[in-house]
Each structure stands twice: as C-alpha cells, then as structure tokens.
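Enquirer: Build me a structure from this.
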Amino acid sequence: MLDSLSKNGKGFHITKMLTVVLVLTSMFSFGQFSTGPTFFSASAESINPVVSWNVFTGELGVLHNHGPPDLARDYVLVHVAIYDALLLANNMKGNPSQAAIVAGAASEVLQHLFPENVEQIIAMESSEIASLPEEKGKINSGLNIGHNVGKKVVAYAKADGYDTVWDGIIPPGPCNWTGVDPIGPTFGSVKTFVLTSWDEFPILPPPECGSEVDQAEIQLVVNTHNTLTTEQIAIAERWEPIPALIHNDQLNERILSHNLSIFDAAHAAVYVNVASHDSMVAVWHSKYIFWTGRPFQLISGFVSVIETPNFPAYPSGHSTAAPATAVVLGQLFPNDAEKLIDDAEENALSRLLGGVHWNVDDTVGYDLGLQIGNKVVEDMLGPPHPFIHPHGHTK
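Expert: Predicted structure coming up:
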C-alpha cells in the first residue's frame with residue numbers, strides 16, 4: 001500500500017473536509033482508533049446526509065489504507081446503494097424518510113466493505129437516525145428500504161470481479177515495472193457501471209521501449225525535473241492525494257454550497273463516483289497489460305518529487321479520473337465547468353511535474369478520461385434508472 005495514504009492522502013482529506021464539516025453538529029472517534037482519523041456525524045437540519053456518509057466512507061477507506069482503485073469502488077458502491085434506494089422510494093407511498101434511506105443503504109454497504117468497523121458504522125447510523133425529526137413510521141420505512149437495497153448492492157459487490165486472484169507474474173522487460181506487491185493487479189476485471197467494458201475506449205500501447213519517442217519521453221522527464229520551480233513543486237504536491245478523495249471533496253463542497261436536496265445530492269454523487277470508478281477499471285486493466293516502468297525505475301539515480309505509487313505507470317489514473325469527473329461535475333454545476341477542467345488539466349500535468357509519470361501516461365489518460373466523462377454524462381442526462389436491478393444485475 002502507498003505510504004502516502006496514511007500521511008498525504010489522509011491529511012489532504014481531513015484538511016479539505018474541515019471546510020465541509022464546519023456545519024456538522026457532532027463527531028465521534030473510534031475507541032481503539034481514537035488517535036486516528038475523526039469521523040463526523042450530523043443532524044438532518046445541519047448537513048445533507050449524503051455528504052456525511054460520503055465523508056465517513058472516505059475516512060474508513062483512508063483508515064484501512066485503501067489504494068486508488070479500492071477507494072473508488074468503496075465510494076461508488078455506497079452511492080449506488082443510496083441512489084438506487086432513493087429512486088425506488090420515489091415510487092412508494094407514505095413518504096419514507098430520505099435521510100433514513102441514505103443511512104440504511106450506506107450502513108449496509110459499509111458493513112460489508114469494512115467488517116472490522118461494524119460497531120462504529122452502526123453507531124454512525126444510530127446517531128444519524130436519532131437526529132431525524134420525522135415520525136417513527138417514516139423513519140423505520142426508510143431504514144428498511146435502505147437496508148434492503150444495500151443488501152442487493154452487497155450481493156452485486158460479491159460477484160463484481162473484485163476478488164479475482166492474481167497469478168503473481170510480473171513480465172520481464174527492459175522498460176517494464178519492477179517491484180513487489182503491486183496495488184490492484186486484477187482490478188481491471190471489476191464490472192463497470194456505465195462503460196460497456198474496460199476497453200470501450202481503447203488506447204494505443206505506450207511508446208516502444210528504446211524507440212526515439214521513448215527516449216524523448218525520458219528526456220522530457222529529466223529536463224522537467226532539472227528545471228522545476230517552487231510553484232511547479234507545489235502543483236505536484238497539491239494533486240498528490242488519491243483521486244477519489246480529491247473528486248469527492250470537490251463534489252461535497254458543491255453539494256453544500258448549492259444546498260442540494262437529498263435526492264439531487266445522491267444523483268450528483270452517484271454519477272461522479274461512477275465516472276471515478278469506471279475510469280479506475282479502464283486504467284487499471286491497461287496498467288497490467290503494459291506493465292510500464294516508472295521514471296525512478298528506468299532513469300538511473302532519479303528521485304521523484306512526490307512518492308511514486310506502487311503500480312505500473314501507463315496510463316495515469318489521476319490524469320484519467322480528473323477529466324472524467326470534471327466533465328460530470330461541470331454538467332451538474334455549469335458555472336464551475338471551466339474551473340473544473342482547468343483543475344483537471346493541472347492535475348494531469350502534476351504527475352509529470354512530480355516525476356511519477358511519463359508525459360504520455362498523462363496525455364493518453366486525459367483523453368481517455370474525457371471520453372469516459374462524456375459517456376457518463378450521456379447516461380446521466382437520460383431517463384433515471386437504478387444502477388443495480390432488484391435481482392442484483394447491472395442495468
């Protein structure tokens with residue numbers, strides 16, 4: 001696992017989230033983890049429950065050192081459960097509590113993803129439910145809907161390909177990745193939600209090892225590293241955290257600043273996280289087809305500015321997920337669309353500046369991300385639909 005998950009990743013997430021949790025009315029920390037991350041809860045009057053469960057999901061993922069693809073999957077499963085449950089409830093009589101639906105759905109999925117923290121997850125659910133002003137019947141109805149849909153999402157998760165076993169083979173080659181215990185070698189086998197498959201938007205192989213293009217890529221990394229400015233180093237560090245943390249922080253800030261309803265927040269959250277998740281599947285499959293080495297592995301004496309992640313280079317996950325989620329967020333919050341794309345471009349550039357990627361990793365990833373984002377927006381603008389049908393199948 002990346003060491004930066006417990007340092008840079010967590011630090012970024014908690015610091016950024018302080019702007020979000022200023023409106024939270026209560027918080028609690030884990031018993032034996034009392035010196036670790038703090039988990040936040042809030043009353044229905046003070047914060048959108050979609051945000052509070054989103055924050056909780058991220059903190060659990062950070063606590064357990066989940067890598068980029070794993071964390072993207074954590075988020076999307078939670079938000080698929082929340083959205084599908086709310087969508088189902090729209091067709092029901094009696095106005096079941098939406099906040100209770102959110103709590104039941106998220107709690108059910110999180111207990112599956114983080115069985116070591118069942119007690120704390122249940123405590124989070126109880127805290128959310130205790131704060132609701134609605135009548136008991138509506139709350140109980142909402143909880144039942146949420147938990148029932150959550151169970152269907154758990155059944156889906158148990159068969160989504162996440163548990164595919166890696167054969168342990170790292171192919172040899174002069175330009176290939178070298179290392180041990182790479183993160184997510186089979187994540188490319190996980191089912192996608194909107195993409196028809198990981199290769200719906202195929203990419204070309206990286207430059208041939210030793211070719212003129214390959215040598216130019218190496219020289220560009222060296223030249224960039226040798227001329228870095230303080231501002232460029234700051235850019236590399238700014239975008240270093242795990243992509244899913246970055247994009248969900250961008251999402252939550254906008255949910256709160258635009259005062260979205262529970263349903264609209266759930267709709268926004270599921271599509272942003274579908275874009276993030278499907279990007280990770282596409283990228284991770286390609287990473288373990290090509291097994292491209294990192295700059296520090298192929299350039300003698302090279303030391304990256306930020307910590308190099310423990311998996312192959314091509315294409316870049318940051319550079320793919322950033323534009324994919326930016327396109328979705330820009331559709332949802334059009335006044336921010338230009339800024340979001342600018343940030344995505346800087347995010348992609350940051351991987352070259354940080355010395356952890358080749359330029360081709362970033363440019364190919366960025367183009368791939370735009371295509372994925374546009375596909376997700378196309379689905380988002382279509383008729384509302386559940387992501388997992390009642391019998392546990394994808395749409």
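Enquirer: Report the distance from the host helix or strand of residue 267 to the chain centre.
Expert: Following DSSP states H and E, one finds residue 267 within helix 262-290. Put simply, helix 262-290 sits 7 Å off its chain's centre (C-alpha atoms, centre = their mean, to the nearest Å).
Enquirer: unless I'm mixing things up, residue 343 is touching residue 322, no?
Expert: Yes: the pair residue 343 / residue 322 is scored as a contact, 7.3 Å apart, by C-beta atoms under 8 Å. C-beta: built from backbone N, CA, C; applies to glycine.
Enquirer: Same question for the helix holding residue 267: list its buried residues.
Expert: Buried residues in helix 262-290, counted by 16 or more other C-beta atoms under 10 Å: 262-263, 265-290.
Enquirer: All the helices of the stretch 51-200 of the chain, in order from the start?
Expert: Counting by DSSP state H, counting those that start in this stretch, residue ranges of the helices within the stretch 51-200 of the chain are 68-89, 98-113, 118-130, 136-157.
Enquirer: among those helices, which is nearest residue 239?
Expert: Minimum separation from residue 239 across the helices of the stretch 51-200 of the chain (C-beta to C-beta) falls at helix 68-89, 12.7 Å.
Enquirer: quick one, the closest one and helix 98-113 angle?
Expert: 140 degrees (axes from the mean of the first three to the mean of the last three C-alpha atoms, to 10 degrees).
Enquirer: for the stretch 251-395 of the chain, which spans come out with low pLDDT?
Expert: The stretch 251-395 of the chain contains residues with pLDDT under 70 at 389-395.
Enquirer: so where do the helices sit in it?
Expert: 262-290, 295-298, 317-332, 337-353, 359-380.
Enquirer: Export those helices as CSV, with columns for distance to residue 132.
Expert: Output for the helices of the stretch 251-395 of the chain, formatted as CSV (distance: least, C-beta to C-beta, whole Å):
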stretch, distance to residue 132
helix 262-290, 12
helix 295-298, 52
helix 317-332, 27
helix 337-353, 33
helix 359-380, 29
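Enquirer: before we move on, the earlier item: settle it for me: which of residue 343 and residue 322 has more neighbours?
Expert: A direct count of neighbours by other C-beta atoms under 10 Å for residue 343 and residue 322 places residue 322 higher, at 34 against 19.
Enquirer: Not counting sequence-adjacent ones, nearest residue to residue 386?
Expert: With C-beta to C-beta, 6 or more residues apart in numbering as the measure, residue 84 is the residue that lies nearest to residue 386, at 4.3 Å, once sequence neighbours are left out.
Enquirer: list the contacts for the one you found?
Expert: 105, 149, 152, 153, 386, 387, 388 (C-beta atoms under 8 Å, 6 or more residues apart in numbering).
Enquirer: repeat that for 10 Å
Expert: 105, 145-146, 149-150, 152-153, 266, 270, 385-390 (C-beta atoms under 10 Å, 6 or more residues apart in numbering).
Enquirer: Of these, select the buried ones using a PyMOL command.
Expert: Command for PyMOL, covering only those of these found buried under the criterion 16+ other C-beta under 10 Å:
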select buried, resi 105+145+146+149+150+152+153+266+270+386+387+388
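Enquirer: between the contacts of residue 84, which is closest to residue 127?
Expert: If you rank these by distance to residue 127 using C-beta to C-beta, residue 146 comes first, at 15.3 Å.
Enquirer: Sketch out the low-pLDDT regions of the stretch 1-150 of the chain for me.
Expert: 1-46.
Enquirer: any idea how this protein splits into domains?
Expert: Following automatic domain parsing, one gets these domains for the chain: 3-157, 187-380.
Enquirer: Tabulate those (JSON lines), appending distance to residue 172.
Expert: Putting those into JSON lines (distance: least, C-beta to C-beta, whole Å) gives the following:
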{"stretch": "domain 3-157", "distance to residue 172": "24"}
{"stretch": "domain 187-380", "distance to residue 172": "9"}
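Enquirer: now stretch 151-168: mean pLDDT?
Expert: Stretch 151-168 shows an average pLDDT of 97 in the prediction.
Enquirer: now the end-to-end length of it.
Expert: Terminal residues of stretch 151-168 lie 32 Å apart, using C-alpha to C-alpha, to the nearest Å.
Enquirer: chain center to that stretch, what's the gap?
Expert: 17 Å.
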